[in-house]
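A.B. asks: prediction below, plus the sequence it came from.
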Amino acid sequence: MNSEENFSNLVLVRHGQSEWNAKNLFTGWKNPGLTDKGLEEAKITGGKIKEQNIIFDIHFTSELKRAQLTGEIILSEIDQEALETVKNIALNERDYGELAGLNKDESREKWGEEQIHIWRRSFDQPPPGGESLKDTADRVIPYFDKVIKPFLKKKKNVLICAHGNSLRALVMHIEKISPKEIVRIEIATGEPIFYKFKNEKFIRT
């Protein structure tokens, strides 16, 4: 990083389309790979990040291969393949419990449209055997504050490749979004989220 800069960069990326996304299945902690579309989305994301000319100091990702592969592709696209990568279960997707591996339409037939909507979109109502978004936030946020944020405080540039719900929990924390509002926010694939961190504040750019 340029020593003259007085801020650090944080970039968040949701993995590209997975094989189970394409099949309309609840995925959670299951571990499918990326589709051809997902691979292409990762390359597109890498191109967008490359335009910003950010030299990263460290890359964090989950224990799931769809996020890891997305990160690998991005690092290749930005010519930073040698970057240190830290994998941690704290950044995993939300655990969908008994819904994992089930077709979303069939699940609606089994439990009802309203119940599935509650499990998917409420903040603190988990599916059977799984996690709510609140549960996900309860592991993502402490890991971010204890492990990742210290790098930002040292003016290090950080890349995080993770999942829709783990990143929603993180965006909620960073942008101080209410539980009511965060359930309406989607994290898109192929669209990196850029922040500058300075004086304990995150500015989305």
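C.D. replies: Looks like it came in fine.

A.B. asks: is it true that residue 125 touches residue 118?
C.D. replies: Yes - the criterion here is C-beta atoms under 8 Å, and residue 125 meets it with residue 118 at 5.2 Å. Backbone N, C-alpha and C define where each C-beta goes, glycine included.

A.B. asks: three-state assignment of residue 197?
C.D. replies: For residue 197, the assignment made with DSSP: H, G, I helix; E, B strand; the rest coil gives strand.

A.B. asks: what's opposite it in the beta bridge?
C.D. replies: Note on residue 197: beta-bridge partners by DSSP bridges are residue 8, residue 202.

A.B. asks: send me the helix ranked longest in the chain as CSV with only the CA atoms.
C.D. replies: Longest helix in the chain by number of residues (criterion: DSSP state H): helix 36-50. Provided in CSV are the C-alpha atoms of helix 36-50 (Å, rounded to 0.1, in the frame of the first residue of the first chain):
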residue,chain,number,x,y,z
ASP,A,36,-19.6,-21.9,-15.6
LYS,A,37,-21.7,-18.8,-15.0
GLY,A,38,-20.3,-18.6,-11.4
LEU,A,39,-16.7,-18.9,-12.8
GLU,A,40,-17.5,-16.1,-15.2
GLU,A,41,-19.0,-13.9,-12.5
ALA,A,42,-15.8,-14.3,-10.5
LYS,A,43,-13.7,-13.2,-13.5
ILE,A,44,-16.0,-10.2,-14.0
THR,A,45,-15.6,-9.2,-10.3
GLY,A,46,-11.9,-9.5,-10.6
GLY,A,47,-12.0,-7.1,-13.6
LYS,A,48,-14.0,-4.6,-11.6
ILE,A,49,-11.6,-4.8,-8.7
LYS,A,50,-8.5,-4.5,-11.0
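
A.B. asks: and for it, what's in contact with it?
C.D. replies: The contact list for helix 36-50 (C-beta atoms under 8 Å, 6 or more residues apart in numbering) reads 11, 13, 15-18, 21-22, 34, 66, 69-70, 73-79, 159, 189-192.

A.B. asks: how about stretch 131-147?
C.D. replies: 60, 86, 88, 90-91, 94-97, 122-126, 165-166, 168-170, 172-173, 179, 182-183.

A.B. asks: listing request: residues of this protein with sub-threshold pLDDT.
C.D. replies: Across the chain, the ranges flagged by pLDDT under 70 are 1-5.

A.B. asks: picking that back up, moving C-terminal from the longest helix of the chain, which element do we reach first?
C.D. replies: On the C-terminal side of helix 36-50, the closest following helix or strand by DSSP states H and E is strand 58-61.

A.B. asks: please name every helix or strand in contact with that next one.
C.D. replies: helix 65-77, strand 85-87, strand 158-162 (3 or more C-beta pairs under 8 Å, 6 or more residues apart in numbering; DSSP states H and E).

A.B. asks: could you check the angle the last one makes with helix 36-50?
C.D. replies: Spelled out, that is strand 158-162. 160 degrees (axes from the mean of the first three to the mean of the last three C-alpha atoms, to 10 degrees).

A.B. asks: what pairs with strand 158-162, and is each one parallel or antiparallel?
C.D. replies: strand 8-14 (parallel), strand 58-61 (parallel).

A.B. asks: buried sites along the first one?
C.D. replies: Residues of strand 8-14 classed as buried: 8-14 (neighbour count, 16 or more other C-beta atoms under 10 Å).

A.B. asks: all set, thanks.
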